[in-house]
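Student: sequence first, then the predicted structure:
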Amino acid sequence: MEHTTRIELENLKDLHAVELGVLESEDVRRLTIEDALVDTGATGLCLPNSLIQQLGLTPIRSIRVQTANGTAERTIFSEVKYTVLERSHSIQVTDLPEDTPVLVGHMILEALDLCVDIRNGLIHNPAHGGAWTIKIL
């Protein structure tokens, strides 16, 4: 069963520039994706290149990844602040081909203490009574 979620994205470097007083809050590059695919087989946050460009992210390094279609080369980009179900964190972004949906992977679910419920989609972890609990290893 396929589940989607709303995810809000903000360029983290822009947010830091606002804190330093060199950028106005309204100039932060932001996007809201209403139908991001929750993909527990994905690791982090994966965006098509056009969205990466809209957010003004910068490339950091190239990596080899294992996909359903085999091994591929991908680029890791600078961090975004993301918000899902009113919980926020930050993560570097991996690029995707243009015809691919935004993928929300298991690192985001772990960081925000969310899980996929077969009937209700993405929810706060019921094992923690709705409280945001982080695992420290």
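Tutor: Nice, thanks for sending it over.

Student: export the longest strand along the chain as PDB, just CAs?
Tutor: Counting residues, the longest strand found in the chain (DSSP state E) is strand 70-84. C-alpha atoms of strand 70-84 as PDB (Å, rounded to 0.1, in the frame of the first residue of the first chain):
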ATOM      1  CA  GLY A  70      20.400  -1.500  -9.800                       C
ATOM      2  CA  THR A  71      23.400   0.600  -8.900                       C
ATOM      3  CA  ALA A  72      23.500   4.300  -9.800                       C
ATOM      4  CA  GLU A  73      25.500   7.400  -9.200                       C
ATOM      5  CA  ARG A  74      23.700  10.100  -7.200                       C
ATOM      6  CA  THR A  75      24.700  13.500  -5.800                       C
ATOM      7  CA  ILE A  76      24.400  14.500  -2.200                       C
ATOM      8  CA  PHE A  77      23.400  18.200  -1.700                       C
ATOM      9  CA  SER A  78      23.400  20.700   1.200                       C
ATOM     10  CA  GLU A  79      20.900  20.400   4.000                       C
ATOM     11  CA  VAL A  80      17.300  21.400   4.200                       C
ATOM     12  CA  LYS A  81      15.100  21.800   7.300                       C
ATOM     13  CA  TYR A  82      12.100  19.600   6.800                       C
ATOM     14  CA  THR A  83       8.800  19.500   8.600                       C
ATOM     15  CA  VAL A  84       6.400  16.600   8.700                       C
END
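
Student: same for it, what does it pack against?
Tutor: Applying 3 or more C-beta pairs under 8 Å, 6 or more residues apart in numbering; DSSP states H and E, one finds that strand 70-84 contacts strand 4-11, helix 12-19, strand 59-67, strand 87-96, helix 106-112. Every C-beta, even on glycine, is put in place using the N, C-alpha and C of the backbone.

Student: can you list those in JSON lines and add distance to residue 126, mean pLDDT and mean neighbour count?
Tutor: Below are the helices and strands packed on strand 70-84 laid out as JSON lines (distance: least, C-beta to C-beta, whole Å; pLDDT from 0 to 100; neighbours: other C-beta atoms under 10 Å):
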{"stretch": "strand 4-11", "distance to residue 126": "17", "mean pLDDT": "97", "mean neighbour count": "19"}
{"stretch": "helix 12-19", "distance to residue 126": "30", "mean pLDDT": "98", "mean neighbour count": "16"}
{"stretch": "strand 59-67", "distance to residue 126": "31", "mean pLDDT": "88", "mean neighbour count": "11"}
{"stretch": "strand 87-96", "distance to residue 126": "15", "mean pLDDT": "96", "mean neighbour count": "17"}
{"stretch": "helix 106-112", "distance to residue 126": "13", "mean pLDDT": "95", "mean neighbour count": "18"}
